[in-house]
Structure formats: structure tokens, C-alpha cells
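Asker: Could you look at this predicted model? Sequence included:
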Amino acid sequence: MTVEAQKETRGFQTEAKQLLHLMIHSLYSNREIFLRELVSNASDAADKLRFAAVKDDSLYEGDSDLQVRISVDSDAKIITISDNGIGMGREDVIENLGTIAKSGTAAFMQNLTGDEKKDAQLIGQFGVGFYSSFIVADKVVVTTRKAGTPTDQGVRWECDGEAEFDIETIERAERGTSIELHLKDDAAEFADDWRLRSIIKKYSDHIAIPVVMQKQAPAEEGEEPPEPEDEVVNTAKALWTRSRSDVSEEEYKEFYKHVSHDFADPLTWSHNRVEGNLDYTSLLYVPAKAPFDLYNREGARGLKLYVQRTFIMDDAEQFLPLYLRFVKGVVDSNDLSLNVSREILQKDPNIDSMRTALTKRVLDMLSKLAKNKPEEYASFWNEFGEVLKEGPAEDFANREKIAKLLRFATTLNNTSTQDQSLDDYIGRMQAGQDKIYYIAAENHNTAKNSPHLEVFRKKGIEVLLLSDRVDEWLMSHLAEFDGKTLQDVGKGELDLGELDTAEDKEAQEKVAEALKPLLERVKTALGDEVAEVRLTHRLTDSPACVVVPEHEMGAQMRRLLESAGQAVPESKPIFEVNPDHPLVQKLDQEQDEDRFADLSKVLFDQANLAEGSHLSDPAAYVQRLNKLLLELSH
């Protein structure tokens, strides 16, 4: 096939078109970030070539001096950013420049509001990379050739930022990629050598390969100007290899944006060198905002892995557990082989030691943030709290440390804000209280209004209000904290221990004996719908409630599994009635067994509704209720 026959015009993916439009209009106020993104991509391309050349050094094609080169034609208003990294083939170009190859795209697009300021923040959170070119350029031309391919397999890609792009196969001698930006009239300020140098120093000084520009030396009087000289504009030293005292806060922030492709500053970070049995350096960041694919447990995650400052892989997930998948950063080991693979990482005992240490470092970083900057920790919790709640189930060794980081809403103030720690709760426990009480429900309002809380309000006992999807699963793996048992107030027998007086317990036993016939009648009326009917001591205002048997799955977890289409074991609730409530007393006096059955079923259905459950036969409930209302009206 001839070269000309391989030229074609293609349309952008729908999401790409929308994103291009949004970037051009929403990121207008921060236009200089285009250079940061393109230099960062060029650096990544060099890293990937280094890694590939570990197994096949012929990919260097005789040129192993990797660099990014930037030139500017002020008169033509053209900026060119070139690298001699891994380069791209035709299919790579179509995939990387014609689509958005990132999970979470659909969720991202759904969250756009139409408000340019808010959408700019969302775009930054999503990451844009190459597409930032169109903030300043009305035409972008990319020429590239993949390392190790013939010179006639170069590719040229051209686009004006609208609906289509042209792509053709070309002859290209150089390995790597060149991006030619034809600047818009209102972006002419960037066609300036000094301006570009200042942007590189500001955003890309930490890039570990040289960023080169030409510098014109002054001419001697009466002589022709000498040839321009190459000058390295950036420090060109891997930031994590430098001493912490030599790295500024601004440099740490910019390096985070390089490794994460996030536009926002990180919330906090930790830079550490370990020497001894293992020799490695880590630089770990906690983002300020959650990415759109945070809850996709199968999505790309992990740290950038280097061995002796040679890039090995992105998304090395073996160094941190899944519940810390939001952490970004770099780990550079002197002990691993340059030929390391994901399979080798899974079997290397050194990795287990590093994983243990890095996990502890992240948890210590979060503990420090919670202690010293509670407002910033509250912001972290709002973004990542649900993910951290996965921790006690996945990381038994650090369960207590993770538990200290958890935050909950409680009956203390009845708001949905999750700002109370388990230590806070214990500090307010009553004399004689030996349990941490909680209730799990479908949402916060259902939890805070649950009838199960009535006796706790009467006695002034604080209860944790849990309404996140993961909460019941969390509690099934967090049986105790600081020597205190965690107790679900909607499960099993209510035992307040020393908080109930001997007189209370004696009175309860007498009432239970006296009303045994009533309980038997209610059980007969409800039949197989309930496992047991008994008197309750947890209610003060409501006539009845449903309780989950002690060792069975809670209602919240059942609903979650059912909504996911998973089978759940059969379970029947325990029905508890309040002997002091007028409706229960009226029920006890009812002689008509049909009417008694209707009243019992109405009370049972109401108890299920109050707990947040869906009725198995809502029409029957309405018919019974209407029948009773008509009887009252006569």
C-alpha cells in the first residue's frame, strides 16, 4: 500500500469533542498549563523507552541521550515540543489522540454542570494531557515514529480542535514524537523564548530528563552571530532522589501534578528514604479530590515504580493495599532487578516488606493530618472516607490504626456530617457503659429516626449513625475497638449491661410473663413471616420494631447484595412489641381474632417501613389500614 493511500480523515469520539470544547472555554484562565502537560507526556515517553530498552537496547537506535527539545518561531507563532522517547505507531496515535482512553469517562461527562468555573475544576480532576494543546492552538500537528519500526512507518496527525482529524503514514527518520502548536492570535504571548523558559522552570523543573532550548550567544562586534547553543532549562534530576531540605513545597506540588495528571494541589505528602535490609525511596501523595473511577476496584491504580532511577512501570499496585488505591506517587528501589515484571512483583518477599512499610507510612501520614489539620482531614474524609472503610476487612494487621482514622455521624448532634472518631465516642461514654453502640440504615434520616434509638435517647447514650453502603460490611470486620465491643442496636437481644438497673430487669421479666399469651397470639397471626415475637425494652414511643437475629446478615447488607443481583440467605426477623404503648395494650384487649390479625400485621408492616425495608405486599397493607380507618369512622 502506498503512503498516500494510507491517509484518512476520522471523527473524534463524542466525549473527546465535548472535552475539547470545554477545555477551550473553561481552562482559558490557566492557559500556560498546556506546556506542563506536553512536557510531562514527553518525559513519560522517555521513561517508557528506557524500560523497553532494558530488554532490547536496539530500540535506542544509537541514541540513548534522552531529552525533550522545545523551539519557538516567534514570527510564525509556532511552538514545537519534541522528544526522542518511545514514539507511536499508527494505531497508537488513533487510540491516544482520537479517543479518551481513561476509565470513568461516562461518569465524568455526567457530572459536568454547564458552569465554566466548576467544569474547569472537574476537567482538572479528570486529567486532560495532550488535549490541553487546544487551549492555545487552533491547529496541532503531531509527527511520530515508534522506536524499532522502519523509517517509512512514521505517522502524521493533524487537527484544528473541531470534529475531525487527519492521519497519514509518512517517512520519518527520527524516533519519538514532535508536537507542533500553531498558536491562536490571542495566545501569541507564548511565542516568546523567555515566556516558555519561565513556564518550564515553574512547572517542569523536576522532570528527570533534560528540557533543552537553544540560546543565542552574543556576537562579537563586527562579526556574524555564532550558532545558537543548546541549554538545559530544568534541573533534570529526579526530584525524589534529592534531599527533602532541597525541595520546595511548590516543587513537591508540581511533581504531584506530573505523576498524577491532576490539576489540583495534593492534600499532603511524605518523602522518605529507607536504608538497611532494603534500600528504596518513596514519595507518596494524598490527593485533594477523588478521581471519577475511585470506586472501580478493577481500575488502574498504584505507584510509579523505578529501579535505580530507571522507570519500570506505571500503576504498580503491589506496593499498597486496595483500600489505599487513591494514593499517588513514586517508589524507587535499589534492590529489585531491572527485568522485574508484575508476576515477579507478586512473588518477591522484598515487596511484602516494602508494602508493609509503605502502608504504615500512608496511615501515619493520615493520622498526622487528622491530629494537626482536622479541617483538611475532614476534607479528605469527605472524598475518600468510604474507601478507607474497606480497610479493616482487607488489612487485619492495621485494623486498629485504620479504626482510629474512621469518622462517623452520631446522635450527638443528629447531623449527617461524619466528623466523630471512635476515640471521641469513648471519651463521652457513660459510667458503666462497656459497648460502642451503632445502627446501620439505608440513609441517614432512616438511621437517626429509627425506633431502635428510643431507649438510648431516654438514657442519654450516644449511638453511631451509619448509612454508607460499606458500613455494615465494615462493622462485620470491626468487632471491637480499644477493648470496647461494637454493638448493632438493631440486632439480637438488647443488653445495656450496667446501664440497666436491677429494678428495670426485674420489672421487664414480670411484664414478659404476664403478656406471654399476647405474644403467642401475635406469632400465630404473623405465622412464618417472623422467627419470634417478644417484648421489647428498646422502645419508649413506638409500638413495635423488627430486629435482626444476632448472627444473621443485617438489613442494609441484604439490600446491597440484592440490588447487585446476588443471592442472600433466607432470614426471618424477630418482631418486638412495646408493652407500654396504647396500641399494643388495645391489641391485647382485642377479642375478634380476624381484627386482631389485621392489627398485628399492620403493626408489623409499619415496623418494617420504619426500619427502611420494602413491604413484600404493600397493597395488602393499604387494604388493612383502610379497613381499620373505616371502622374508626363509624
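Answerer: That came through, no problem. Numbering: from 1, shown residues only.
Asker: switch to C-alpha atoms for all contacts and neighbour counts from now on
Answerer: Fine.
Asker: which residues touch the residue nearest to residue 528 when sequence neighbours are not counted?
Answerer: With CA to CA, 6 or more residues apart in numbering as the measure, residue 572 is the residue that lies nearest to residue 528, at 7.9 Å, once sequence neighbours are left out. Applying CA atoms under 8 Å, 6 or more residues apart in numbering to residue 572 gives the contacts 528, 529, 530, 531, 548.
Asker: now swap in residue 602 and tell me
Answerer: If you count contacts by CA under 8 Å, 6+ apart, then residue 602 has 621, 624, 625 around it.
Asker: In helices, which of those fall?
Answerer: The helices, defined by DSSP state H, take in 621, 624, 625 from the contacts of residue 602.
Asker: how close does the last one sit to residue 37?
Answerer: When distances are taken as CA to CA, to the nearest Å, residue 625 and residue 37 turn out to be 65 Å apart.
Asker: now the first one
Answerer: Note on residue 621: its distance to residue 37, by CA to CA, is 61 Å.
Asker: out of these two, which sits in the more crowded spot?
Answerer: Under the neighbour definition other CA atoms under 10 Å, residue 621 and residue 37 were set side by side, and residue 37 has more, 24 against 19.
Asker: host element of that one?
Answerer: Using DSSP states H and E, the secondary-structure element containing residue 37 is helix 33-55.
Asker: what's that helix packed up against?
Answerer: Counting contacts by 3 or more CA pairs under 8 Å, 6 or more residues apart in numbering; DSSP states H and E, helix 33-55 packs against strand 68-73, strand 78-83, helix 193-203, strand 310-316.
Asker: Mind doing that once more with 10 Å?
Answerer: Other elements packing on helix 33-55 under the criterion 3 or more CA pairs under 10 Å, 6 or more residues apart in numbering; DSSP states H and E are strand 68-73, strand 78-83, strand 176-183, helix 193-203, strand 211-215, helix 249-260, strand 303-307, strand 310-316.
Asker: List every C-alpha atom in the next helix or strand after the last one, with coordinates, as CSV.
Answerer: Read it as strand 310-316. Note on strand 310-316: by DSSP H and E, the next helix or strand toward the C-terminus is strand 328-333. What follows is the C-alpha trace of strand 328-333 in CSV, where atoms were taken according to Å, rounded to 0.1, in the frame of the first residue of the first chain:
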residue,chain,number,x,y,z
LYS,A,328,-0.3,8.6,44.1
GLY,A,329,3.5,8.8,44.0
VAL,A,330,6.8,7.1,43.2
VAL,A,331,8.8,4.2,44.7
ASP,A,332,12.4,3.8,43.6
SER,A,333,14.2,0.6,44.7
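Asker: Outside of stretch 357-377 itself, which residues are in contact with it?
Answerer: Contacts of stretch 357-377 with the rest of the structure, by CA atoms under 10 Å, 6 or more residues apart in numbering, involve 267-272, 274, 282-286, 288, 319-321, 324, 327, 331, 351-352, 354-355, 378, 380-383, 385, 395, 398, 401-402, 404-405, 419.
Asker: Mind checking which of those are buried?
Answerer: Among these, those classed as buried by neighbour count (16 or more other CA atoms under 10 Å) are 267-272, 282-286, 288, 319-321, 324, 327, 331, 351-352, 354-355, 378, 380-383, 385, 398, 401-402, 404-405, 419.
Asker: So which of the residues you listed belong to helices?
Answerer: Among those, DSSP H puts 351-352, 354-355, 378, 380-383, 385, 401-402, 404-405 in helices.
Asker: average model confidence for whatever helix or strand residue 604 lives in?
Answerer: Here residue 604, judged by DSSP H and E, is contained in helix 593-611. This predicted structure assigns helix 593-611 an average pLDDT of 90.
Asker: Could you tell me which residues within it count as buried?
Answerer: Taking 16+ other CA under 10 Å as the basis for neighbour counts, the residues of helix 593-611 that come out buried are 596-608, 610-611.
Asker: Ok, stretch 609-623 next?
Answerer: For stretch 609-623, burial by neighbour count (16+ other CA under 10 Å) applies to 610, 611, 612, 613, 621.
Asker: Kindly reformat the ones in helices among the contacts of residue 602 as a markdown table containing pLDDT.
Answerer: Shown next, in a markdown table, are these (pLDDT from 0 to 100):
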| residue | pLDDT |
| --- | --- |
| 621 | 86 |
| 624 | 87 |
| 625 | 87 |
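Asker: my read is the residue nearest to residue 528 is in a helix, agree?
Answerer: No: inclusion of residue 572 in a helix is not indicated when DSSP: H, G, I helix; E, B strand; the rest coil is applied; the result is coil.
Asker: helices and strands of the protein: which one has the lowest mean pLDDT?
Answerer: Using mean pLDDT, DSSP states H and E, helix 116-126 stands out as the lowest-scoring helix or strand of the chain, at a mean of 50.
Asker: Past it, which element shows up next along the chain?
Answerer: Heading C-terminal from helix 116-126, the first helix or strand you meet, by DSSP H and E, is strand 137-145.
Asker: What pairs with that following strand, parallel or antiparallel?
Answerer: In the sheet containing strand 137-145, the strands it pairs with under DSSP bridges are strand 154-159 (antiparallel), strand 176-183 (antiparallel).
Asker: mind listing what residue 577 touches?
Answerer: Taking CA under 10 Å, 6+ apart as the criterion, residue 577 is in contact with 519, 522, 533-539, 542-546, 583-584, 600, 603-604, 607.
Asker: beta partners for it?
Answerer: Legend: beta-bridge partners of residue 577 under DSSP bridges are residue 535, residue 544.
Asker: what's the distance between it and residue 600?
Answerer: Note on residue 577: its distance to residue 600, by CA to CA, is 10 Å.
Asker: go on, residue 522?
Answerer: In this structure, residue 522 and residue 600 are 6 Å apart, going by CA to CA.
Asker: hang on, the earlier thing: put together JSON lines for the buried residues of stretch 609-623, with distance to residue 368 on each row.
Answerer: Compiled in JSON lines, those are given as follows (distance: CA to CA, whole Å):
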{"residue": "610", "distance to residue 368": "40"}
{"residue": "611", "distance to residue 368": "38"}
{"residue": "612", "distance to residue 368": "38"}
{"residue": "613", "distance to residue 368": "40"}
{"residue": "621", "distance to residue 368": "53"}
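Asker: Which strand or helix spans residue 234?
Answerer: Secondary structure assigned from DSSP H and E places residue 234 in neither a helix nor a strand.
Asker: Counting neighbours, what do you get for it?
Answerer: Residues near residue 234, counting by other CA under 10 Å, number 21.
Asker: Please tell me the pLDDT value assigned to the residue nearest to it when sequence neighbours are not counted.
Answerer: Nearest-residue entry for residue 234: residue 205, 4.4 Å, with adjacent residues in sequence omitted and distances by CA to CA, 6+ apart. Per-residue confidence at residue 205 stands at 84 (pLDDT).
Asker: Mind checking what secondary structure residue 205 has?
Answerer: What three-state DSSP gives for residue 205 is coil.
Asker: Using the three-state scheme, assign residue 579.
Answerer: Strictly by three-state DSSP, residue 579 counts as coil.
Asker: Residue numbering should commence at 54 henceforth.
Answerer: Happy to do that; since the first residue is 54 now, the last one works out to residue 632.
Asker: Check the contact between it and residue 591; I expect there is one.
Answerer: No: under the criterion of CA atoms under 10 Å, residue 632 is not in contact with residue 591, lying 11.1 Å apart.
Asker: shared neighbours, those two?
Answerer: Listed contacts common to residue 632 and residue 591 are residue 597; contacts here mean CA under 10 Å, 6+ apart.
Asker: Can you list the low-confidence ranges for the stretch 154-303 of the chain?
Answerer: Of all residues in the stretch 154-303 of the chain, those with pLDDT under 70 make up the ranges 154-181, 216, 272.
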